[in-house]
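Asker: Give the three-dimensional model of this entry:
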Amino acid sequence: MSSQISQKHPKGLYVLFFAEMWERFSYYGMRAILLLFLLDNIKGGMGMSAAEGTAIYGLYTASVYLLTLPGGWLADNILGQKKAIWYGGIIIMLGHIILAIPAGSAIFFLGLSIVAVGTGLLKPNISSIVGELYPEGGARRDAAFSIFYMGINLGSFLGILIVGYLGEKVNWHMGFGAAAVGMLLGLIVFRYGSATHLKGLGDVPPAEEAGEQAAASPSGGNKMLGYGLIALLVVFLVVLQSSGTIDMTTAQGLAQGAGIIIVSISAAYFLFILVAGGLTRVEKYRVGVLIILFLAIALFWAGYEQAGTSLQIFAERHTQRNIGGWEVPSSWFQNFQPTFVLIFAPVLASLWISLSSRNRNPSIPVKFAMGLILLGLSFFVMVAASNIAVQGDLASPFFLTFTYFLHTIGELCVSPVGLSSYTKLAPKRYLSQLMGIWFVGASLGNLIAGIFAGGFDESNILQMPALFNQVAIVTTVFGLILLAFWKPIKSWMGGIH
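Answerer: Below you'll find the predicted structure:
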């Protein structure tokens, strides 16, 4: 099978696959021990309270995705994607090296900030180059993103396994150091692989390409509109702060306000690009589709990321985990997600190509609808499981296993397809910036997941069925709405499949 895949896809895809795998190794590995390190007061951790530690954790994950916006802009206008990836990887590695130094909280937060900046620079641009490998678009590009997505999940699995073990069992800072080594390996792969297999891709900023410069350079009036939108956002945040709606003087307040900030920035950016971006009528309709997909992916991740919150509590407290007298660690249930992705990503990649050859490949909005409906069905499974817990019994582990299976199939209908669709639908001169917006949608979903799960009172199990039922209904209904309107949404795509 591997020889067949290599014949269908350029070798540059595998350069990006392994570079992204090692970057995700460093990211997810460090993230796996970050909160534990912040809360630990025995083995040299920060000794924070749970409220403060989770707020900082949330701010970090949100900022990583939010920084993809300036990272995309730098690539589109100054660096080009290749340089953005290279410099981003170096910055990430330096950040992890700083984290590996046991030198107090100020140095630690410096390292954390540097990792976030580097990730914001690298993350949207490596996905953009995957899209550029397939200028013809179609099912081959969707299949390529599914393969690329396998690299993300393989890196996640290995990072949590190795960095998590070193951090928890040996030394926190050794774990952070292992993340730096992973990023170094990613840089080596990208440096030497791109020189041979990615020639001519991502070298020149899209805004500087022939015929694009005039459209990419907004007029003085458009610039003033952009500055005005930024000023309105600043005023809006000041009003929220002064009215007491948010309190950005504390970590908890910053985390609570992050959702408002992300929604404001995303709405302002979409408004700016539609009004002052110099887009044609077709491009404006395509950006309209990107807005719909942005809302869909934020909602999808809001449910999907319950894996680390409400579903983790359910695994810990309400799931039968004894096998022959040995208790399975509750966190191991989260490994079902990357494992299922690695198993089923090539299956769905082949399915899209097979359906395309018969002109039956589902359109992008249909795939998104399928993903949201599958996510909703998974939470109906959890409603049944939580009804067992309400009776005082432990639920079978197969409930969570089946839930994560449905999560994964839904994820494979949404996430790699969404990555691919953004590269196809985005106006070329705004490609990396809009890839950044895609990851901002993921950030918003993570924040919604945390806020929603914050209402999960683990001491009151009677509310669990209602909580899971809410997620199930909201995601299923949105998926059905997408399914009902897939034809007009598809017509807005201007012939792109």
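
Asker: Quick one: neighbours of G288, just the number.
Answerer: By other C-beta atoms under 10 Å, 16 other residues sit near G288. The C-beta positions use only the backbone N, C-alpha and C, and glycine is treated the same way.

Asker: got it, and the one 4 residues further on?
Answerer: Applying other C-beta under 10 Å, we find 17 residues neighbouring I292.

Asker: Let me see the contact set for it.
Answerer: 365, 482, 489 (C-beta atoms under 8 Å, 6 or more residues apart in numbering).

Asker: ok, now P102?
Answerer: For P102, the contact set (C-beta under 8 Å, 6+ apart) comprises 44, 173.

Asker: and if you look at I273?
Answerer: 279, 287, 430, 434.

Asker: From S421, how far off is the residue nearest to the first one when sequence neighbours are not counted?
Answerer: Of all residues not flanking L279 in the chain, P427 sits nearest, at 6.1 Å (C-beta to C-beta, 6 or more residues apart in numbering). With the distance defined as C-beta to C-beta, to the nearest Å, P427 ends up 14 Å from S421.

Asker: Tell me which of those two has more neighbours.
Answerer: The residue with more neighbours, out of P427 and S421 and counting by other C-beta under 10 Å, is S421; that gives 29 against 23.

Asker: can I assume that one is in contact with P365?
Answerer: No - judged on C-beta atoms under 8 Å, S421 makes no contact with P365 at a distance of 9.3 Å.

Asker: Please enumerate the shared neighbours of those two.
Answerer: Common neighbours of S421 and P365 (C-beta under 8 Å, 6+ apart) are V289.

Asker: Tell me how this protein divides into domains.
Answerer: Listed by automatic domain parsing, the domain ranges of the chain are 1-204, 225-277, 296-497.

Asker: Which stretches in the stretch 51-200 of the chain count as helices?
Answerer: 68-74, 81-99, 105-132, 138-165, 172-197 (DSSP state H, counting those that start in this stretch).

Asker: of the ones you listed, which approaches I323 most closely?
Answerer: Proximity to I323 (C-beta to C-beta) singles out helix 138-165 among the helices of the stretch 51-200 of the chain, at 19.7 Å.

Asker: Go ahead and measure how far the closest one is from the middle of the chain.
Answerer: Centroid displacement of helix 138-165 relative to its chain, using C-alpha atoms, centre = their mean, to the nearest Å, is 12 Å.

Asker: Show me what that helix is packed against.
Answerer: In terms of contacts (3 or more C-beta pairs under 8 Å, 6 or more residues apart in numbering; DSSP states H and E), helix 138-165 is packed against helix 2-8, helix 11-39, helix 105-132, helix 172-197, helix 336-357, helix 397-425.

Asker: follow-up on the earlier one: residue contacts, the residue nearest to L279?
Answerer: 277, 279, 283, 286-287, 434.

Asker: Show me what the mean pLDDT comes to for stretch 332-345.
Answerer: Mean pLDDT, stretch 332-345: 82.

Asker: List the buried residues of that stretch.
Answerer: When burial is assessed from 16 or more other C-beta atoms under 10 Å, stretch 332-345 yields the following buried residues: 333-334, 336-338, 340-342, 344-345.

Asker: These into a markdown table, with extra columns for distance to F25?
Answerer: Shown next, in a markdown table, are these (distance: C-beta to C-beta, whole Å):
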| residue | distance to F25 |
| --- | --- |
| F333 | 21 |
| Q334 | 16 |
| F336 | 19 |
| Q337 | 16 |
| P338 | 12 |
| F340 | 19 |
| V341 | 15 |
| L342 | 14 |
| F344 | 21 |
| A345 | 17 |
